[in-house]
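In: Coordinates for the following, if possible.
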Amino acid sequence: MLSKNQLKYYSNLNQKKFRLIEQKFLVEGQKLILEALHSKLNCEVLLTTSSFRETNPSFFKNKLLNDVSIELISHNDLERISDTQTPQGLVGVFGIPKHKIQNLQKEKLIVALESIADPGNMGTIIRNSDWFGVNYIITTTDCAENYNPKVIRSSAGSVFHLCILEYEDFYGELKLLKQNGFKMVVADLHGESIYNFNKPDKVIIALSSEAHGPSQELINLADHVLTIPRKGKAESLNVASASAIVLGEV
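Out: Predicted coordinates:
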């Protein structure tokens, strides 16, 4: 059983500040935990209830769990640690990976995210980027944090596959990439149709929140400002939905 201090420690990992200090985060549910293990993330411990273990014996026979420590806890304690209203009976404590930044200049497609504060949108964009073969995402510091539980869930585990880099000097990094041959495409409500765009060899796709749109600083860096032509009466398109269309066309 967990001590009170251990329980408090794991519960605190639901807070961004504590995650960043401890360099650990929580993953809930069988599918996401196996995805994290398959992605070779380090699991400190699996927390589960006796009832979950009894009703899911095949899960615990998975070879990915061979070297993982498993701790039985009460359902009430699991509820205190879980971020969800109806816990699935299984929480993994993982170390935040230290990404080895390769030469970004070798990439053909990079996604840049400006002020995407909603965790659901952030996770879906990560998932869409993964689907279309993106390896690197760069973000402003006010984007939703990668290891926010809602980002993890909405990314369906794709957050474990990509290198996501947060930059204090976001616009300075974009300038450096442009100096090394990348063309910058900024998605906005107003611009040239994405369907008439000829893709360059190396491209950065920049997305911003639909509430505020791209900043003037981002627009100033754009080689192309593209829009998805509107056919109906909706005021705007959700940025996560727009990301799938833009990534599919560019």
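
In: This protein - how does it break down into domains?
Out: What automatic domain parsing lists as the domains of the chain is 4-95, 104-249.

In: Identify, out of the ones you listed, the most deeply packed stretch.
Out: Burial of the domains of the chain is given as mean neighbour count (mean count of other C-beta atoms under 10 Å); domain 104-249 ranks first at a mean of 18. (Each C-beta comes from the backbone N, C-alpha and C, glycine too.)

In: Quote the end-to-end distance of that domain.
Out: With C-alpha to C-alpha, to the nearest Å as the measure, the ends of domain 104-249 fall 22 Å from one another.

In: how far out from the middle of the chain is it?
Out: Mean C-alpha position of domain 104-249 versus that of the full chain (C-alpha atoms, centre = their mean, to the nearest Å) differs by 12 Å.

In: where does this protein dip in pLDDT?
Out: For the chain, the stretches with pLDDT under 70 are 102.

In: where along it do the strands fall?
Out: Assigned by DSSP state E, the strands in the chain fall at 24-28, 43-48, 70-72, 90-95, 109-114, 136-139, 163-166, 183-193, 203-208, 224-227.

In: Ok, which of those comes nearest residue 59?
Out: Closest to residue 59 of the strands of the chain is strand 90-95 (C-beta to C-beta; 7.8 Å).

In: which residues are in contact with the closest one?
Out: Contact partners of strand 90-95, identified using C-beta atoms under 8 Å, 6 or more residues apart in numbering, comprise 10, 13, 23-30, 33, 36, 41-48, 52, 56, 59, 78, 81-82.

In: now do stretch 191-205
Out: Under the contact criterion C-beta under 8 Å, 6+ apart, stretch 191-205 has outside partners 107-112, 174, 177-178, 181-185, 187, 223-229, 243, 245-247, 249-250.

In: what's the answer for stretch 228-241, then?
Out: Counting by C-beta under 8 Å, 6+ apart, 116, 120-121, 124-125, 128, 187, 189, 193-195, 207-210, 242, 245-246 sit against stretch 228-241.

In: 6 Å - rerun?
Out: Stretch 228-241 is contacted by residues 121, 124-125, 193-194, 207, 210, 245 when judged by C-beta atoms under 6 Å, 6 or more residues apart in numbering.

In: any chance of those in CSV, plus distance to residue 157?
Out: Listed next are those as CSV, based on distance: C-beta to C-beta, whole Å:
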residue, distance to residue 157
121, 17
124, 13
125, 14
193, 34
194, 28
207, 21
210, 25
245, 22
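
In: quick one: contacts for residue 36?
Out: Listed by C-beta under 6 Å, 6+ apart, the contact set of residue 36 reads 27, 94, 160.

In: Please report how far it lies from residue 43.
Out: Note on residue 36: its distance to residue 43, by C-beta to C-beta, to the nearest Å, is 7 Å.

In: And for residue 61?
Out: Taking C-beta to C-beta as the measure, residue 61 falls 16 Å from residue 43.

In: try residue 126
Out: 21 Å.

In: and what of residue 34?
Out: Separation of residue 34 from residue 43 (C-beta to C-beta): 10 Å.

In: Can you tell me which of the contacts of residue 36 is nearest residue 18?
Out: Ranked by distance to residue 18 (C-beta to C-beta), these are led by residue 94 at 14.1 Å.

In: ok, what's across the strand from that closest one?
Out: Following DSSP bridges, residue 94 is listed with bridge partners residue 25, residue 43.

In: and residue 108, backbone torsions?
Out: Note on residue 108: backbone dihedrals following degrees, to the nearest 10 are phi -100, psi -20.
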